[in-house]
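**Student:** Quick one: sequence and predicted model below, then my questions.
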Amino acid sequence: MSDCVNKNKNLKNCPCTYNGCPRKGLCCECLKYHLEKGALPACCFSKEAEATYDRSFKKFAEDKNLI
């Protein structure tokens, strides 16, 4: 993991509830990780949708009432 000067600031706003996530507060690494998996990070979802741990684009579209 890279050193991030904004990590503490990012942690204050990070909605991820996945315990033990090594990318928590490291937004660039989090986004890269999820996009490589064909998914989106927690910050793209409502609190209710985030709690499902389903980070798929389909879940995002459902959460945002796009489908």
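**Tutor:** That came in fine, so what should we check first? Numbering: from 1, shown residues only.
**Student:** any idea whether the residue lying closest to Ala51 once chain neighbours are set aside is helix, strand or coil?
**Tutor:** Nearest residue to Ala51, sequence neighbours excluded (CB to CB, 6 or more residues apart in numbering): Thr17, at 6.4 Å. From N, CA and C alone the C-beta is placed, and that goes for glycine too. Following DSSP: H, G, I helix; E, B strand; the rest coil, the label given to Thr17 is coil.
**Student:** tell me the contacts of Thr17?
**Tutor:** Going by CB atoms under 8 Å, 6 or more residues apart in numbering, Thr17 touches 42, 50-51.
**Student:** So which of these sit within strands?
**Tutor:** Using DSSP state E, no member of the contacts of Thr17 falls within strands.
**Student:** what's the closest of those residues to Ile67?
**Tutor:** Using CB to CB, Glu50 comes nearest to Ile67 of the contacts of Thr17, at 18.2 Å.
**Student:** Any figure for the gap between the closest one and Lys9?
**Tutor:** Glu50 sits 20 Å away from Lys9, going by CB to CB, to the nearest Å.
**Student:** Neighbour count: the two, which is higher?
**Tutor:** Comparing Glu50 with Lys9 by neighbour count (other CB atoms under 10 Å), the higher total belongs to Glu50, at 20 against 11.
**Student:** How about the contacts made by that one?
**Tutor:** 15-17, 42.
**Student:** Mind doing that once more with 7 Å?
**Tutor:** Each residue near Glu50 by CB atoms under 7 Å, 6 or more residues apart in numbering is listed here: 15, 17, 42.
**Student:** Among those residues, which one sits closest to Cys27?
**Tutor:** For those, the nearest to Cys27 is Ala42 (10.7 Å; CB to CB).
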